[in-house]
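S.K.: Sequence first, then the predicted structure:
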Amino acid sequence: MRDAAEAWLEGRLAEVPEGLSPWLTGGEDEGSSGGKGHAPESNGRADEDLPEVAGALARRGLEALRRAAARPGSERESAFLLLAADAYLTWACEALLSEDDPTAGFEELIRRTASEGA
């Protein structure tokens, strides 16, 4: 069964350049579990800090950022992971725009990124 973030992303992934798409779905990264819609593990932050879709996208972006930082010397892999992190965090911001109080969501996303980022 698809989660809300995967459903939200469905139309957006069609617009992703072909070379980046596998990095967003877990197909290229040897450290991922593979498979479409790969969602990294949460590192213990409460999901209620951000709305469901934005929180899931933020977790994916922060996990990609951590994996990129953990690969010194792997420039190609790190570059694709950084692009994936950028995409997920940008989509988290886009998802927050549809919330009643996007400013509060942006502030939480900034706090989370600053405290959990690589």
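M.R.: That came in fine, so what should we check first? Small disclaimer: the values here were computed from a predicted structure and weren't measured.
S.K.: so what does the helix or strand encompassing residue 94 touch, helix or strand wise?
M.R.: Applying DSSP states H and E as the criterion places residue 94 in helix 75-96. Contacts defined by 3 or more CB pairs under 8 Å, 6 or more residues apart in numbering; DSSP states H and E place helix 75-96 against helix 4-13, helix 21-25, helix 52-69, helix 102-116. No exception for glycine: its C-beta is placed from N, CA and C like everyone else's.
S.K.: Now do the third one: which elements does it pack against?
M.R.: It stands for helix 52-69. Checking 3+ CB pairs under 8 Å, 6+ apart, helix 52-69 ends up next to helix 4-13, helix 75-96, helix 102-116.
S.K.: got the contact list for the shortest one?
M.R.: By CB atoms under 8 Å, 6 or more residues apart in numbering, the surrounding residues in contact with helix 4-13 are 21, 24, 25, 37, 39, 52, 53, 56, 57, 60, 91, 95.
S.K.: rewinding a little: now the helix holding residue 94: buried residues?
M.R.: In terms of neighbour count (16 or more other CB atoms under 10 Å), helix 75-96 has its buried residues at 77-78, 80-85, 87-89, 91-93, 95-96.
S.K.: and the angle from that helix to helix 4-13?
M.R.: Angular relation of helix 75-96 and helix 4-13 on a 0 to 180 degree scale: 110 degrees, by axes from the mean of the first three to the mean of the last three CA atoms, to 10 degrees.
S.K.: okay, the angle between helix 75-96 and helix 52-69?
M.R.: Relative orientation of helix 75-96 and helix 52-69, computed by the same axes, to 10 degrees: 160 degrees.
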